[in-house]
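Novice: Have a look at this prediction, sequence included:
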Amino acid sequence: MNSSWSRSENEVLATLQDVVAIESINPDLPGGQQGENEMANYTENFFKDLDIPCQRQKVLPNRSNVIATLAGQQTDRILLFECHMDTASAEIMTIPPFEPHISNGLLYGRGACDTKAGGVAMMMAIKALKQAGITPPSTIQYAGVVDEEYLFRGALALAKNTNATAVVVSEPTDLAVVRSHKGLARFRIIVKGTAAHSSKPHLGVNAVTKMARLILAIEDEIIPTYEAELHPLVGCPTLNIGVISGGAQVNFVPDQCVIEIDRRTIPGETPEETLQPFRQLIKRLKDQDSELEVELEKPFLLDSAMETDTEAEIVQVSRQACRTVLGQPTVTGVPYGTDASKFTTLGIPAIVLGPGSIDQAHAAVEWVDCNQVIQAVEIYKQTMLNF
């Protein structure tokens, strides 16, 4: 135990402190040295100590999903509880990221909210069933997965090989049942120019100014069309130009400029189709400007939106579990993406449900409400007992 923080007397919170103290930053992100290995070891040992079968699914070199199985009365029905083990980078944090202090009912540290709280609550719910000698109606699985914070490769590998009947994904939803969320397409647009000395700019073609005109056209002609596409749970599609780079030095005419775009999709759209308006705009601008050389690259990340029918059993059972524990359940949608869409694209109903607020995820000061974590254990347990 780290002497700089005091371990809670509550078993759920003490377990959460244990895992928050484990550095599991995604190795593709700044500061990610160890990856999910220590989290995987902790998860595996947790279930082995309970005599619950546990196995590893290799996803990447030295990075594996961990899957535990609690047999149910109906072995052909599997309710899968899924949570990612990796966290965002801790470089921007203004508190010690791996010292899980508890103060005024809040537990602090990187991953406390996103999303080790939900993972621990799932694990503790399974532990409660096992120790009580309860055999749930359906087989219960828990999967701790890798790489959610980068390319979703852990969830993709899990979904490809699962026989799950339904899935509960843990993300910070303030204990609301999320049955719909957005997807995304991320891609780059490159404008090529011609280099020249800045004293004779007429001898070159300025890629930065060409890109500036393209950006303005995107804002004027593409973004306004999204207002007509309104989804009742997640709102309208959105677009963000998050990165721009170009030029070598101030006295060169820049010969290249690159932007990176994040286009959020709504249910009913496919990520691939969202690129067509950009292709059409680029073609028109090239027809108008013979010096414009521009390329829309193949997307480097595509992720489908998620929507599960309100009448699906997992939606109804989890809603009732929230009603039992909280008194008033909330069923809603969110604008961000999660592992859940990897399952719904294969026809497996899924929801997102977990303690904490997305506002604290990736924050400089990350925390989770301790009471929500304890309530989540009971909500997950009730869902396991009634699915």
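Specialist: Cool, the structure landed.

Novice: Check the secondary structure at the residue most central in space within the chain for me.
Specialist: Geometric centre of the chain, nearest residue: residue 338, 3.8 Å, by Cα atoms, centre = their mean. Following DSSP: H, G, I helix; E, B strand; the rest coil, the label given to residue 338 is coil.

Novice: Need the per-residue pLDDT for residue 123.
Specialist: At residue 123, the model reports a pLDDT of 98.

Novice: mind checking how far the helix or strand harbouring it is from the chain centre?
Specialist: For residue 123, the host element (DSSP states H and E) is helix 117-132. Centroid separation for helix 117-132 versus its chain: 22 Å, with Cα atoms, centre = their mean, to the nearest Å.

Novice: Output that helix as CSV, nothing but the C-alphas.
Specialist: Output of helix 117-132 as CSV, limited to C-alpha atoms (Å, rounded to 0.1, in the frame of the first residue of the first chain):
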residue,chain,number,x,y,z
ALA,A,117,-14.8,2.6,-11.2
GLY,A,118,-17.2,0.9,-13.5
GLY,A,119,-14.9,-2.1,-14.0
VAL,A,120,-14.5,-2.6,-10.2
ALA,A,121,-18.2,-2.3,-9.7
MET,A,122,-18.8,-5.0,-12.3
MET,A,123,-16.2,-7.3,-10.7
MET,A,124,-17.6,-6.7,-7.2
ALA,A,125,-21.1,-7.5,-8.4
ILE,A,126,-19.9,-10.9,-9.8
LYS,A,127,-18.0,-11.5,-6.5
ALA,A,128,-21.2,-10.9,-4.5
LEU,A,129,-23.1,-13.5,-6.6
LYS,A,130,-20.3,-16.0,-6.2
GLN,A,131,-19.9,-15.6,-2.5
ALA,A,132,-23.6,-15.8,-2.0
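
Novice: Pull out the buried positions in that helix.
Specialist: Across helix 117-132, burial judged by 16 or more other Cβ atoms under 10 Å covers 117-130. C-beta here means a position set from N, CA and C on the backbone, and glycine is covered the same way.

Novice: Ends of stretch 90-99, what's the gap?
Specialist: Using Cα to Cα, to the nearest Å, one end of stretch 90-99 lies 12 Å from the other.

Novice: next one: stretch 283-294
Specialist: End-to-end distance of stretch 283-294 (Cα to Cα): 9 Å.

Novice: which parts of it are buried?
Specialist: Residues 285, 292, 293, 294 are the ones in stretch 283-294 that count as buried (16+ other Cβ under 10 Å).

Novice: Of those residues, which pair is most distant in space?
Specialist: Comparing every pair within the buried residues of stretch 283-294 by Cβ to Cβ identifies 285 and 293 as the most remote, at 10.9 Å.

Novice: mind listing the strands for the stretch 101-250 of the chain?
Specialist: 102-103, 106-108, 138-145, 166-169, 177-181, 183-192, 238-246 (DSSP state E, counting those that start in this stretch).

Novice: I meant the stretch 251-387 of the chain, not that one.
Specialist: 256-265, 293-296, 301-303, 306-307, 331-334, 350-352, 367-369.

Novice: Could I get those in JSON lines, plus columns for mean pLDDT and distance to residue 205?
Specialist: Formatted as JSON lines, the strands of the stretch 251-387 of the chain follow (pLDDT from 0 to 100; distance: least, Cβ to Cβ, whole Å):
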{"stretch": "strand 256-265", "mean pLDDT": "98", "distance to residue 205": "11"}
{"stretch": "strand 293-296", "mean pLDDT": "98", "distance to residue 205": "8"}
{"stretch": "strand 301-303", "mean pLDDT": "94", "distance to residue 205": "30"}
{"stretch": "strand 306-307", "mean pLDDT": "98", "distance to residue 205": "43"}
{"stretch": "strand 331-334", "mean pLDDT": "97", "distance to residue 205": "43"}
{"stretch": "strand 350-352", "mean pLDDT": "98", "distance to residue 205": "47"}
{"stretch": "strand 367-369", "mean pLDDT": "98", "distance to residue 205": "51"}
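
Novice: nearest to residue 386, of those strands?
Specialist: The closest of these to residue 386 is strand 350-352. By Cβ to Cβ, the value is 14.0 Å.

Novice: helices or strands up against the closest one?
Specialist: strand 166-169, strand 177-181, helix 313-326, helix 340-344 (3 or more Cβ pairs under 8 Å, 6 or more residues apart in numbering; DSSP states H and E).
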